[in-house]
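Undergrad: sharing a model prediction with you, sequence too.
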Amino acid sequence: MMTERLTKLFRTALLALWAAFSLFSAANAQKVADSQNATTTAAVPHLEIDGSQIAAHVSPTLYGLMTEEINYSYDGGLYGELVRNRIFKDDASAPVHWSVVQNKDDKDKDKGAAGAIALDQAQPLNDVLTTSLRLDVTTASDAHRVGVANDGYWGIPVRAGGKYRASFYARAASGFTGPLTLTIESNDGATTYARAEIQHLTDKWQPYTASLTIKKGAPLVTGRFVISSKRPGRVWFNLVSLFPPTWHDRPNGNRVDIMKLLADMKPAFLRFPGGNYLEGDTIPTRFDWKKTLHELAQRPGHQGPWSYRSSDGMGLLEFLEWCEDLGMQPVLAVYAGYSLKKDFIAPGPNLQPFVQDALDEIEYVTGDASTTWGAQRARDGHPAPFKLTYVEIGNEDEFDRSGSYDGRYAQFYDAIKARYSSLQLIATTKVTSRTPDVIDDHYYRNAGQMEGDAHHYDNQSRTGTKIFVGEWATREGSPTTNLNAALGDAAWMTGMERNSDVIVMSCYAPLFVNVNPGAMQWHSDLIGYDTLTSYGSPSYYAQQMFNTYLGDVVLPIHAESIPTKEWQPPARRGTEVLPPKQQLPTLFFNATRDSKKGTVYLKVVNTADAAQPVQIKLTGLAGVGAEGQSIVLTSANPTDTNSITEPTKIVPVRTTVTGLGASFTRSFPAYSITVLQLQTQ
């Protein structure tokens, strides 16, 4: 009994103690919650924009394009040519991307048509195009043709109602006069989408042209291009070409849909001919601009640094016309004596021919018809000179371990300045022998690194050398970037805008990627495409937003209570210990104002996984309208992206917003890039 009583008393005491502890815990928890709520309320980020002050003047050339032949950017991409290996030099041993077409008898497969194709170096078109394709038609008839088919760059695109321009050089053996039939057709030859005929071949090399119009109602598919005969004989071909409709109907022009994407970015300049493509693997395989001039029959093409051969259809003049078509300034990069496989020319007499070559190139761009190379440009079809402000000497010469760049830069600098004193000269790395007008910085990073370095240029000297961020990208996502990369890009761009009195130009790289299997050499690219369609990545739309909604002056912002997140940088190698975790801000912002219209563009990037309210105050202005525009790029998951099959999964959404004014609070969605367009007085 005593034991039972003691047990009951113990239980009662224990229950009383537990009840007291529970009441204490609940009260303490409420205090903690109240404290957290108070902290949260107090910690709402606050941005105060001073409209009476100018922090910096925005460079009018802040956002532009950088391009090079990588990922089939030109051939198989922007450049309109549809025929692959058009001069038969892609492989010395076989006519790659070409096949023989032989229509057999439906009842007896051993009968019908017979023929063969082969490379032939005994019948050159000229001193430049030295390899021809020979077609031998042994047996053929009206019902059974023999021909050559080209499979294009992952197919020939078929677009209903499109008018295609075919051209080629041909010569026939004695006794064969044609005709030849040109067709755009399905890969099995069962369906013909367009047809044309060439009559009266001769035994001399002659150019031939024809127009092929795709039938209305034709499906959007890929096929092949065929040149065939219904008569026995032998014929040689060279420079076989097929162009679809092009931007501004240029005969040697660019693909319309990709040019439209570029035009929508409103780029201020084009940096060309690009990085590694300028240098080449070796000195002989550099971008030799003089070999890219004149008609196509005078262009030999060359081996590019990314494993495939370039047709050089996109030559110096075509780059300049690309600038003209989109209203961009050319930023010309000249070869400066260093190639990727450590070939270099030491400063001095051996470098002088390359210096002269750069002077000739500048004269081709800017000279009038009274100059040697200006006259050549006029003969090439463009009498008017192009305006040129910036010339870059080389590309990424920090990789030249010989240390020769300082001397090479000085030799180019002195020669160019002596003849073209107003040109702004860009150095690709630090030099001491001369003071460059601009220096080119390159950054390829992940999103956390971009966000962590968004203030990189805040303390840059305002009186020193100007900066060209000539290549940069957040490398996440493949083949094109995902939303997280776009957030990193946008965080970085707020820093570039804030410092655009120092940063005169910037351009993302790489610009293009063909998404077909085997076409990509570099992942995380801006614009993707296949044979038929194209699309912009989330990073593309971030670029578009930042350039479209941009004032001419930067307004100072005082910020308080900016939230942070914990982020751990990835190891650089699989066996490496991870570096320590870091605290990164989750909000990035910048404000510019159009001084003529009074419009303020407030850009806010929220990289956190939750919506973030922000208190916004504008001072120093006569008035701020209650209604404005909001442009938002966001998605539920930072790894979300666009693709060929979902090209517009993530695009900016524009809405009218109210409740604005000199002071207001606005919530910015998780994983979002927002531009608030405010009307001020």
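TA: Okay, I see it.
Undergrad: can you pull out the helices in the chain?
TA: With DSSP state H as the criterion, the chain has helices at 2-42, 256-265, 275-279, 316-326, 352-366, 372-379, 405-419, 447-452, 483-498, 538-548.
Undergrad: just name the most buried of these.
TA: Ranked by mean neighbour count, the helices of the chain are led by helix 483-498 with a mean of 27 (mean count of other Cβ atoms under 10 Å). Backbone N, C-alpha and C define where each C-beta goes, glycine included.
Undergrad: so where do the strands sit in the stretch 551-681 of the chain?
TA: 553-554, 557-560, 564-567, 582-585, 587-593, 599-606, 612-619, 628-634, 653-657, 663-668, 672-679 (DSSP state E, counting those that start in this stretch).
Undergrad: any idea how far Lys649 is from the closest residue to Ala118 other than its chain neighbours?
TA: Take Ala118 and drop its neighbours on the chain: the residue closest to it by Cβ to Cβ, 6 or more residues apart in numbering is Arg134, 5.2 Å away. Going from Arg134 to Lys649 by Cβ to Cβ, to the nearest Å gives 49 Å.
Undergrad: what about these two, which has more around it?
TA: Remark: of Arg134 and Lys649, Arg134 carries more neighbours, 19 against 14, as counted by other Cβ atoms under 10 Å.
Undergrad: contacts for stretch 339-346 next, please.
TA: With Cβ atoms under 8 Å, 6 or more residues apart in numbering as the test, stretch 339-346 has contacts from 276, 279-283, 285-286, 305, 337-338, 351, 354, 399-402, 404, 407-408.
Undergrad: among the residues you listed, which lie within strands?
TA: Using DSSP state E, the subset of the contacts of stretch 339-346 located in strands is empty.
Undergrad: which residue lies nearest the spatial centre of the chain?
TA: When Cα atoms, centre = their mean is applied to the chain, the residue found nearest the centroid is Leu511 (0.9 Å).
Undergrad: list the contacts of that residue.
TA: Counting by Cβ under 8 Å, 6+ apart, Leu511 has contacts Leu65, Met66, Thr67, Ser73, Asp525, Leu526, Ile527.
Undergrad: and for Ala218?
TA: Ala218 sits next to Val158, Arg159, Ala160, Tyr193 when contact means Cβ under 8 Å, 6+ apart.
Undergrad: would you turn those residues into JSON lines with pLDDT, distance to Thr564 and neighbour count?
TA: Below are these laid out as JSON lines (pLDDT from 0 to 100; distance: Cβ to Cβ, whole Å; neighbours: other Cβ atoms under 10 Å):
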{"residue": "Val158", "pLDDT": "97", "distance to Thr564": "53", "neighbour count": "25"}
{"residue": "Arg159", "pLDDT": "95", "distance to Thr564": "51", "neighbour count": "18"}
{"residue": "Ala160", "pLDDT": "95", "distance to Thr564": "54", "neighbour count": "13"}
{"residue": "Tyr193", "pLDDT": "97", "distance to Thr564": "58", "neighbour count": "22"}
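Undergrad: ok, these vs Arg255, which is closest?
TA: Arg159 (11.2 Å; Cβ to Cβ).
Undergrad: give the contact list for the nearest residue to the closest one once chain neighbours are set aside.
TA: The shortest distance from Arg159 to any non-neighbouring residue, by Cβ to Cβ, 6+ apart, is to Ile214 (6.0 Å). Neighbour list for Ile214: Val158, Arg159, Ala160, Gly161, Gly162, Lys163, Tyr164, Ile184, Tyr193, Ala194 [criterion: Cβ under 8 Å, 6+ apart].
Undergrad: in TSV, list those along with distance to Gly77.
TA: Shown next, in TSV, are the contacts of Ile214 (distance: Cβ to Cβ, whole Å):
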residue	distance to Gly77
Val158	18
Arg159	17
Ala160	22
Gly161	23
Gly162	18
Lys163	21
Tyr164	18
Ile184	20
Tyr193	23
Ala194	23
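Undergrad: what about those, which are in strands?
TA: Among the contacts of Ile214, DSSP E puts Val158, Lys163, Tyr164, Ile184, Tyr193, Ala194 in strands.
Undergrad: between those residues, which is nearest Asp453?
TA: Among the ones in strands among the contacts of Ile214, Val158 lies closest to Asp453 (Cβ to Cβ), at 46.7 Å.
Undergrad: one step back: got the helices of the chain as JSON lines, with mean pLDDT and distance to Ala622 columns?
TA: Listed next are the helices of the chain as JSON lines, based on pLDDT from 0 to 100; distance: least, Cβ to Cβ, whole Å:
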{"stretch": "helix 2-42", "mean pLDDT": "37", "distance to Ala622": "31"}
{"stretch": "helix 256-265", "mean pLDDT": "98", "distance to Ala622": "34"}
{"stretch": "helix 275-279", "mean pLDDT": "96", "distance to Ala622": "48"}
{"stretch": "helix 316-326", "mean pLDDT": "98", "distance to Ala622": "37"}
{"stretch": "helix 352-366", "mean pLDDT": "98", "distance to Ala622": "45"}
{"stretch": "helix 372-379", "mean pLDDT": "98", "distance to Ala622": "52"}
{"stretch": "helix 405-419", "mean pLDDT": "98", "distance to Ala622": "47"}
{"stretch": "helix 447-452", "mean pLDDT": "96", "distance to Ala622": "35"}
{"stretch": "helix 483-498", "mean pLDDT": "98", "distance to Ala622": "24"}
{"stretch": "helix 538-548", "mean pLDDT": "98", "distance to Ala622": "26"}
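Undergrad: would you turn those helices into a markdown table with distance to Ser506?
TA: Converted to a markdown table, these look like this (distance: least, Cβ to Cβ, whole Å):
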| stretch | distance to Ser506 |
| --- | --- |
| helix 2-42 | 37 |
| helix 256-265 | 13 |
| helix 275-279 | 15 |
| helix 316-326 | 17 |
| helix 352-366 | 22 |
| helix 372-379 | 29 |
| helix 405-419 | 22 |
| helix 447-452 | 13 |
| helix 483-498 | 5 |
| helix 538-548 | 10 |
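Undergrad: enumerate every residue touching Gly452.
TA: Trp567, Gln582, Leu584.
Undergrad: show the pLDDT at the closest residue to Ala172 other than its chain neighbours.
TA: Of all residues not flanking Ala172 in the chain, Leu201 sits nearest, at 4.1 Å (Cβ to Cβ, 6+ apart). For Leu201, the model assigns a pLDDT of 97.
Undergrad: if I look at the nearest residue to Thr548 once chain neighbours are set aside, how far off is Trp205?
TA: Leaving aside its sequence neighbours, Thr548 sits nearest to Lys266 (Cβ to Cβ, 6+ apart; 5.9 Å). With distances taken as Cβ to Cβ, Lys266 is found 45 Å from Trp205.
Undergrad: of the contacts of stretch 339-346, buried ones?
TA: Buried subset of the contacts of stretch 339-346 (neighbour count, 16 or more other Cβ atoms under 10 Å): 276, 279-281, 283, 285-286, 305, 337-338, 351, 354, 400, 404, 407-408.
Undergrad: would you map out the domains in this structure?
TA: Structural domains assigned to the chain are 63-78+248-515, 98-245, following automatic domain parsing.
Undergrad: now those as CSV including distance to Leu555?
TA: Output for the domains of the chain, formatted as CSV (distance: least, Cβ to Cβ, whole Å):
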stretch, distance to Leu555
domain 63-78+248-515, 10
domain 98-245, 45
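Undergrad: buried deepest among those, which one?
TA: domain 63-78+248-515 (a mean of 20).
Undergrad: okay, now it: how far is its last residue from its first?
TA: Taking Cα to Cα, to the nearest Å as the measure, domain 63-78+248-515 stretches 25 Å from start to finish.
Undergrad: chain center to that domain: distance?
TA: Mean-position distance between domain 63-78+248-515 and its chain equals 13 Å (Cα atoms, centre = their mean, to the nearest Å).
Undergrad: from the ones in strands among the contacts of Ile214, pick the one nearest Ser635.
TA: Proximity of the ones in strands among the contacts of Ile214 to Ser635 (Cβ to Cβ) peaks at Val158, which lies at 33.0 Å.
Undergrad: measure that closest one to Phe168 for me?
TA: To Phe168, Val158 is 20 Å away according to Cβ to Cβ.
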